[in-house]
Every structure is written in structure tokens, then in C-alpha cells.
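Undergrad: the following comprises the amino acid sequence and a computationally predicted model.
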Amino acid sequence: MPTGVAATPSPLPSRVSSLAAAAERPLDVLVIGGGITGVGIALDAVTRGYRVALVERADIASGTSSRSSKLVHGGVRYLATGDVAMVAEGVRERDRLRHLAPHLVRPLGFVVPVDSRSMQVRLKAGMTAYDGLALGRNVRRHRRLAVADVLEAAPGITTGMSLGGYRYYDCQTDDARLTLQIAQVARSFGALVVNHAEVTGFRRSTGGRVVGATVRDRLSDATVDLDARWTVSAAGVWADEVRALATDATAALVPAKGVHLTFPRQAVRVNQAVAIPSGAGDGRMNFVVPWGEQVYVGTTDDTWAGDLARPALEQPEADYLLGSVNAAFGTELTVADAIGAWAGVRPLLSAVAATSDAASKDLSRRHAITEDPPGLVSVTGGKLTTYRQMAEDVVDVVSSAEGRNGRPCVTARLPLGARGSAEAGLARTREAATALGVDRDVAGSVYHRHGDRAAEVLMACLDTDGTEPLVPGLPYLRGEVRWAVRHELACTVSDVLQRRTRVSLRHAGAGGEAIAWTADVLADELGWDDGTRDASIAAYLDEVRHERGPVALAAGAAVLRS
């Protein structure tokens, strides 16, 4: 831990008490948005000594930050556009995250099959440049693969590898858990984090400066006024909507939708991530990524003009991904073979006032910081991998304006829930599991979700609902539901099954019998009546069905009582 920075002891305050505390006296920084950029800003600001609160109108990571490709990467494809600086920043931040959160950011090999000499030459040059930009900090250097090596990595692939291929390395993560982990560390340092709390308007001084916001607790419908010297909008794709509460400035974002399909591992046989041509002849590549006993395929990248809060998979997008997989693997998969799907909207930044028909590939993945009107700082654009740098840049703006340049950023060396190597952490968790009489095979998944708190989570599970699987075939434990409510700000069935666990993405029935069981735990912990319980189940099922679009929800056992 950086010198002079100390976290407050647990237990952490509840969302209700955090909102009340935020209203008691003025804040230095009020952050709007609980995606990865917002929680990163809250952590950076609180560790520089600011009094910080964060409000999120839905749940932590409920938007784009739980619906990404779940990769921490430098962006090798951006080398083709000559954006070397952005790639260099990406590989630097990838390396930092790999060491700061080893339980959540894990190395993953990517295999790119090759079937032409020209492609071979381009890939060799690109991979060499990618390794060079890492300045020796990459996981491993790229290497050329023979046909047999490609088939070992992807036993099911049937075409496109007549000249073998290349393997390079980036990292895989659970995007929602990573965002939550950063929020938890921010809370441990004193940041007041409140999910399900919506900003309905800004407070203004007599001179017109933004000096806080009016916030509605969406669970109780109570409204409070929060005073803050600085208000920071990190609302992602909703940044224009938030700014519109204070100014009539021109829209800065063009949303782009990306979708993914999940299949059983045996349906698309890969042992490592594989990049395959889109199959549509558009020059794009899709990824096939192993995820435990599942595999996911993605992504599309097209501008989106629909409901930002409810993006959904559409049949043409499913056909696009299925075409890629079927062409590369010689399969005949349809949406009926998929067990899950998700759709996310990226906040791409246009250098000019963008039009709705702009091509997303022409829009910037960089971020921009503006102050308009005075007192409201907005950060727009960017990507998950570089959230920490974005947060540092935002807090530098505030710090400079406050004349606090002597308070440096410490997040580049601040552990995010796990210290040392993943191997050492996993060994400690296995030892704890053995001592507790828990199956050692459970230890790995628990460590990779909870890091250094894994043994504590196992003990809590044993004290409450047990360490049996929440859903057969998935790595989540029954006791983790109650842990999520008590320690991780979970308030709804969706909070638990979509984000604290990823059941909704990895199970054909979105949890099946576990849906009702989860709702019962929430009801027990939060004092729900039957109507509230049933409403939470209904909302969850509606969200899953809508997002999956043509991917059917298998019959489950979400028992209603009202």
C-alpha cells in the first residue's frame, strides 16, 4: 500500500447510510456513474484525500462495464490505424492491472490463424510492434504457430490456417467483478458509494456554477440534496443526458453496440481464444473466447440509436456472429444452440458533432475531459482497459483547479483486492478450503472472484447457505448470494444473478431454480414482502429476455407468491 494511504476497517457502510452521510456535509467530489470509469475516479479522488461520494442510478457496472468483451488489452487492431500512442497506453495499463488485480485480470493467449502470405507478413509486423510497445512488460512475446499448434489451441477449427498462425497475449477479466472490486477498494478508503440512486437535477450557485446535485433513492423514492465543490460526470453512454441537465451543449458521443453469444464449451471447441474473420467479408475479426465450461463469441461494432438502457441482441447480429463461427469451425450452429447473449453500448467519442450514421470504426476510443458549465467536469469516451488513466486525468483536473498539485495519484501501485501473484493467492485459498473442510476445487473460482477475501467468503458461506453450487455446472456458491447482499451492495435479483455472479450470461435458464432461491435470500435480508420479491424476479426475467432477443430463455422455476 502506498505510504501515507490507509484504508478504513470493515464493515463498510450500507448504501442507505452512505447516502445519508453524503448529505450531512459538503463533498469535495461527487461522482455520477458507477461504471468502471466512475469507480476509478472515486478511488483516485478518495486516496488523494478528498471527501467523495458516488451515485449510480442503477447498479454498479450495470451498463457497459458489465457488457464488454471481458478483455483487458492494448488494442492491437488500432496499430492498423496508426494510433500508436493509444496502443502504448493500453498495454501499459494492461500490465498494471495484471499486477494490481491478479485474481481478476488473467493472461490469455489469442491465436490468429493464417491462410495467406500477405496476412502472414502483416501479422508478423503488427505482433512485433505490439510486443515492442509493451517495453518488456507483456505477458509473453508473440510466436509463430504451425498448423498443429493452431489445432491444439482450437481443435474445432477447420479453415483459415493453411499457413499456421500466430499467438499473442492479452488478458481476460470479469468486467462486472473488476468494476465492483474497484468500488469496494474505494469504499474501504472512505468513499460513499450508493447504487440505485439517480441524479434528477443539479444545484447551482448564484453565479451559475454547479455545486452539487439532487439525488433520488430509486428504492425508497426519498430525495436528498448533495452539496459538492466538484461534480464529475462519468456516466458513459449517458454522459450527454447528464450534461443536458445543466447545459444545452452539442452531443459529444455516438454510441456503438456490441453483442456476444454464449455457447456450451463443446459446441465451439477451443482451448485458447481465437480470432476469426467475420464471415461477412467486411475485414473485421471476431473473437471466440473460452469461459469455464462456456465459450463466448463477439463482437459487433455498429452505431446504435436505440434505448441506451435496454440494448438487445437482434437476429441480424446473431446471424453475423454465427456466420463467422460456422465458416471457421465447419459447424451449423443457430441461435437455438446459444445459452446466453448480451448487448452493450460503448461511448465512442466523435471529434466533431457526430451524425447517427457515422461508422463506429471512424470514431475515437480516446477520452476527453471538459468542464461545462463551471463545476461540472465530464469525462467521455475511453475504454475499460484505460479506466485508471482516465480517472487520474480527471482528478488531476480537479486537483489542479483546487491548487492541490502536491497530492499525487497513487492508483498505479494500489492493490485491487489481491496482493502478490495469483498462484500464491490461489494456494492460500486452497489451504483455507482444506482447513475448512471445503472441496479444494471450489477454491479457484472463489479466489478469482474475491481475491484476498476468498477464505473469509468461504467461512461466511459455511455459516449461512453453504458452499454447494448456486446453479449446477457454474462456479458460484449458494452462500455468495447472502454475501453479495451483506457486503457488495446487491439489492435486486438482477444485481446478484447478472453482475455479482454471471449466471444470466452462462445458463440457458438464467439460473432456473436459483432465481426463486436468490429472491428468497434477498427477501430475508432486506425485509421484502411477497410483492416486492415477485417484482424483482419479474424485472430480472424481463431484462434477460429482452437482452437475449432471439436466444430463447429455457424454462425455469422462478416461483411467484403474490
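TA: All right, it came through fine.
Undergrad: how about low-confidence regions in the stretch 401-550 of the chain?
TA: 405-406 (pLDDT under 70).
Undergrad: care to break this structure down by domain?
TA: 15-64+176-250+364-413, 75-172+254-349, 422-548 (automatic domain parsing).
Undergrad: least trustworthy helix or strand in the protein by mean pLDDT?
TA: strand 302-303 (a mean of 81; mean pLDDT, DSSP states H and E).
Undergrad: thinking again about what came up before, distance to residue 561 added to the domains of the chain, as CSV?
TA: Bear in mind the C-beta positions are built from the backbone N, C-alpha and C, glycine included. CSV is the format used below for the domains of the chain (distance: least, Cβ to Cβ, whole Å):
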stretch, distance to residue 561
domain 15-64+176-250+364-413, 20
domain 75-172+254-349, 27
domain 422-548, 4
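Undergrad: most distant residue from the centre of this protein?
TA: Most distant from the centre of the chain: residue 206, at 39.1 Å, with distances by Cα atoms, centre = their mean.
Undergrad: against residue 215, how distant is that residue?
TA: Using Cβ to Cβ, to the nearest Å, residue 206 is found at 22 Å from residue 215.
Undergrad: same check on residue 289?
TA: 38 Å.
Undergrad: repeat that for residue 326.
TA: 48 Å.
Undergrad: did I read that right, residue 258 in a strand?
TA: Yes - assessed by DSSP: H, G, I helix; E, B strand; the rest coil, residue 258 belongs to a strand.
Undergrad: so it sits against residue 342, correct?
TA: No - taking contacts as Cβ atoms under 8 Å, residue 258 lies outside contact range of residue 342: 9.0 Å.
Undergrad: what do those two both touch?
TA: Both residue 258 and residue 342 are contacted by residue 67, under the criterion Cβ atoms under 8 Å, 6 or more residues apart in numbering.
Undergrad: settle it for me: which of the two has more neighbours?
TA: residue 342 (27 against 22; other Cβ atoms under 10 Å).
Undergrad: from residue 141, how far off is that one?
TA: 33 Å.
Undergrad: and for residue 120?
TA: Counting by Cβ to Cβ - residue 120 and residue 141 are separated by 17 Å.
Undergrad: so which residues of the stretch 151-300 of the chain form strands?
TA: 165-172, 192-195, 197-204, 210-217, 223-233, 253-264, 273-277, 285-291, 294-298 (DSSP state E, counting those that start in this stretch).
Undergrad: mean confidence for the last one?
TA: Looking back up the chat, that one is strand 294-298. Per-residue pLDDT over strand 294-298 has a mean of 96.
Undergrad: same check on the fourth one?
TA: The pLDDT scores in strand 210-217 average 98.
Undergrad: return the list of strands paired to it, each annotated with direction.
TA: Next to strand 210-217 in the sheet, as set by DSSP bridges, lie strand 197-204 (antiparallel), strand 223-233 (antiparallel).
Undergrad: got the buried residues for the shortest one?
TA: The neighbour-count criterion (16 or more other Cβ atoms under 10 Å) identifies 197-199, 202-204 as the buried residues of strand 197-204.
Undergrad: likewise for stretch 388-408?
TA: 388-399.
Undergrad: list the contacts of that stretch.
TA: For stretch 388-408, the surrounding residues in contact (Cβ under 8 Å, 6+ apart) are 29, 37, 40-41, 43-45, 48-50, 89, 93, 96-97, 229-230, 232, 234, 367, 369, 371, 377, 379, 382, 409, 411-412.
Undergrad: likewise stretch 243-250?
TA: 199, 201-202, 210, 233, 353, 372-373, 376, 378.
Undergrad: please point out which parts of that stretch sit buried.
TA: In stretch 243-250, counting by 16+ other Cβ under 10 Å, buried: 243, 245-246.
Undergrad: tell me where the stretch 51-200 of the chain has helices.
TA: Counting by DSSP state H, counting those that start in this stretch, the stretch 51-200 of the chain has helices at residues 84-100, 117-133, 147-153, 175-188.
Undergrad: tabulate the ones you listed in JSON lines, adding columns for mean neighbour count and mean pLDDT.
TA: JSON lines is the format used below for those (neighbours: other Cβ atoms under 10 Å; pLDDT from 0 to 100):
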{"stretch": "helix 84-100", "mean neighbour count": "20", "mean pLDDT": "91"}
{"stretch": "helix 117-133", "mean neighbour count": "15", "mean pLDDT": "89"}
{"stretch": "helix 147-153", "mean neighbour count": "17", "mean pLDDT": "97"}
{"stretch": "helix 175-188", "mean neighbour count": "26", "mean pLDDT": "98"}
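Undergrad: looking at the ones you listed, which is closest to residue 57?
TA: Closest to residue 57 of those is helix 175-188 (Cβ to Cβ; 14.9 Å).
Undergrad: hey, C-alpha coordinates of the closest one in CSV?
TA: Included here for helix 175-188 are C-alpha records, laid out as CSV according to Å, rounded to 0.1, in the frame of the first residue of the first chain:
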residue,chain,number,x,y,z
ASP,A,175,-15.7,-6.9,-16.1
ALA,A,176,-18.5,-6.6,-13.6
ARG,A,177,-16.4,-8.1,-10.8
LEU,A,178,-13.5,-5.8,-11.7
THR,A,179,-15.7,-2.7,-11.5
LEU,A,180,-17.2,-3.9,-8.2
GLN,A,181,-13.7,-4.6,-6.8
ILE,A,182,-12.5,-1.1,-7.6
ALA,A,183,-15.7,0.3,-5.9
GLN,A,184,-15.0,-1.9,-2.9
VAL,A,185,-11.5,-0.6,-2.5
ALA,A,186,-12.8,3.0,-2.9
ARG,A,187,-15.3,2.2,-0.1
SER,A,188,-12.6,0.8,2.1
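Undergrad: so what does it touch, helix or strand wise?
TA: helix 36-47, strand 52-56, strand 192-195 (3 or more Cβ pairs under 8 Å, 6 or more residues apart in numbering; DSSP states H and E).
Undergrad: just give me how far the first one sits from the chain centre.
TA: This means helix 36-47. Centroid separation for helix 36-47 versus its chain: 15 Å, with Cα atoms, centre = their mean, to the nearest Å.
Undergrad: now do stretch 539-546
TA: 19 Å.
Undergrad: check stretch 168-183 too.
TA: So, by Cα atoms, centre = their mean, the centroid of stretch 168-183 is 6 Å from its chain's centroid.
Undergrad: end to end on that stretch, go ahead and measure it.
TA: End-to-end span of stretch 168-183 (Cα to Cα, to the nearest Å): 31 Å.
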